[in-house]
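Visitor: sharing a sequence plus its predicted fold:
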Amino acid sequence: MAGPDDYVTDLIDIASVPLTDLRSLDHPILTRALQRAAEEARDSVGVVAGFQAAI
Amino acid sequence: MLKLHSRCNLKCSYCYVYELADASWRDKPRIISVETLTQAALRIAEHAAAHQLPAVEVVFHGGEPLLCGESFIRAAIATLRQAIPAKTSLRLRMQTNATLLTRPMLEMLREHDTKVGVSLDGTERTHDSKRKYATGRGSYQAVSTALRLLATERFLPVYSGILCTIDISSDPVETYESIIGFAPPMVDFLLPHANWSTPPPLAAAADYGQWLSAVFDRWYDKGSPETRIRLFEEIINLLLGGQSATELIGLSPVTLAVIDTDGSIEQVDALKSAFAGAPETGTNVMTHSFNDLLSHPAIVARQIGDQALSDTCRACPVVTICGGGYYPHRYKPGRGFRNPSVYCAGLRHLIEHIAHRIRSDLREYAPC
């Protein structure tokens, strides 16, 4: 069962997790999620086209 | 989202188009005209060119889009492909109840690289309790026949996934397992349409969080994924600091517009569950560009992240994850949409459950 501290929902800082080899996780769902988060951080996904101009 | 046909051959009990507050479908053309379709394609192309978009996605929707017939859909695809600039990738998809999804239709969709998403609500018993023909007969047999065909090797390239509206009275794991029996690449679980004047059906909002958490555990504990579940993947991504790629959750700007069969450009269709006329913007592809839509107050509200949320939401520790919940679920008569989702308790339960599972595994697999 989860303890009270586990229910403080905040962003999980993936930079604090020393994942030198994602394959060592042996959990494809989590591995894929970490890869996606890392790629998004690198590419810094933008806002909808034209919105900045519209406002 | 491009509505090709405004009518449906099913009469689903929860349908936001035909069974809830908005009856505007009665005034719409049954089938989009060639003129409107051509103009819609030109507007999409205009927007793609103006903003140098690398890709646009067009989802054929309805009503039931397959009521248009194979030759009409083939012509619609050709119209869009002809209009969209060469530098923009056009991704085509169709959301269908699959009762008319025959092999010739699938061959045509495969030939034109148009992916297919199918609505299926779990087991035969659950599905047929809601998704019926007007005669009262359930549609499961027809849908399952089409899904078995879609899941064959020949049609896998155009199999997008399954969309399931949650029936809280169903068993969550049984529902999930009946769905993955059709080998969908992706599953979308949708909360039934509800708001503060029309509460969630049959159970408290928190119960929906427990239902989804049970599905999450079944899916996540398998380790090697049997399918992808969009809602869960988006929540995990948000927890890891990423952005959501769906309007169902998170604070990402909404990138969806609906073109109805009369050419009107509207907000997301599900708003029809709030009040009559809720999705309307007063724009039409005949007279307006998509840029015109961007200055509409309701569109702006869905581009500015937490600034558009209620004080309650903005003070909440999970706001960056839930984003206030799905916009139509926030509606309260007299107060508009600046409220927490009517599913707030359920979303919080699910998010905290997933956060706990992810944290635990990161500690276990990669201890700091």
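Guide: That came through, no problem.

Visitor: how close does residue B:71 sit to chain A?
Guide: Using C-beta to the nearest C-beta, to the nearest Å, one gets 33 Å for the distance from residue B:71 to chain A. For glycine as for every other residue, the C-beta is placed from the backbone atoms N, C-alpha and C.

Visitor: number of residues surrounding that residue?
Guide: The local packing count at residue B:71 equals 9, with neighbours defined by other C-beta atoms under 10 Å in any protein chain shown.

Visitor: that one is in what secondary structure piece?
Guide: Counting by DSSP states H and E, the element that carries residue B:71 is helix B:70-83.

Visitor: tell me which residues in that helix are buried?
Guide: Burial within helix B:70-83, assessed by neighbour count using 16 or more other C-beta atoms under 10 Å in any protein chain shown, is assigned to B:72, B:73, B:74, B:76, B:77, B:79, B:80, B:83.

Visitor: just give the closest residue to residue B:7, not the sequence neighbours.
Guide: The shortest distance from residue B:7 to any residue other than its chain neighbours is 4.8 Å, reached at residue B:63 (C-beta to C-beta, 6 or more residues apart in numbering or on different chains).

Visitor: now do the contacts for the one you found.
Guide: Listed by C-beta atoms under 8 Å, 6 or more residues apart in numbering or on different chains, the contact set of residue B:63 reads B:3, B:4, B:5, B:6, B:7, B:8, B:17, B:25.

Visitor: now those as a markdown table including pLDDT, secondary structure and neighbour count?
Guide: What follows is the contacts of residue B:63, written out as a markdown table (pLDDT from 0 to 100; DSSP: H, G, I helix; E, B strand; the rest coil; neighbours: other C-beta atoms under 10 Å in any protein chain shown):
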| residue | pLDDT | secondary structure | neighbour count |
| --- | --- | --- | --- |
| B:3 | 97 | strand | 26 |
| B:4 | 97 | coil | 23 |
| B:5 | 96 | strand | 24 |
| B:6 | 92 | coil | 23 |
| B:7 | 93 | coil | 16 |
| B:8 | 93 | coil | 20 |
| B:17 | 67 | coil | 22 |
| B:25 | 72 | helix | 19 |
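
Visitor: pick out whichever of these sits closest to chain A.
Guide: Distances from chain A to these, taken as C-beta to the nearest C-beta, are shortest for residue B:3 (21.0 Å).

Visitor: get me the contact residues on the stretch 101-250 of chain B for chain A.
Guide: Counting by C-beta under 8 Å from any C-beta of the partner chain, the positions of the stretch 101-250 of chain B adjacent to chain A are B:219-220, B:223-225, B:233, B:236-243.

Visitor: just those: which are in helices?
Guide: Where those overlap with helices, as defined by DSSP state H, the overlap consists of B:219, B:220, B:233, B:236, B:237, B:238, B:239.

Visitor: right, and residue B:159 touches residue B:115 too?
Guide: Yes - with contact defined as C-beta atoms under 8 Å, residue B:159 and residue B:115 form a contacting pair (7.2 Å).

Visitor: pairing partners for the helix or strand harbouring residue B:93, with directions?
Guide: Residue B:93 belongs to strand B:89-96 when assigned by DSSP H and E. Using DSSP bridges, the strands paired with strand B:89-96 in its sheet are strand B:55-61 (parallel), strand B:114-119 (parallel).

Visitor: so which of those strands gets nearest residue B:303?
Guide: Closest to residue B:303 of these is strand B:55-61 (C-beta to C-beta; 17.6 Å).

Visitor: what comes up buried for the closest one?
Guide: When burial is assessed from 16+ other C-beta under 10 Å, strand B:55-61 yields the following buried residues: B:56, B:58, B:59, B:60, B:61.

Visitor: what's that strand in contact with?
Guide: Residues from elsewhere that reach strand B:55-61 (C-beta under 8 Å, 6+ apart): B:1-4, B:44, B:47-48, B:73, B:76, B:80, B:84, B:88-95, B:114, B:258, B:269.
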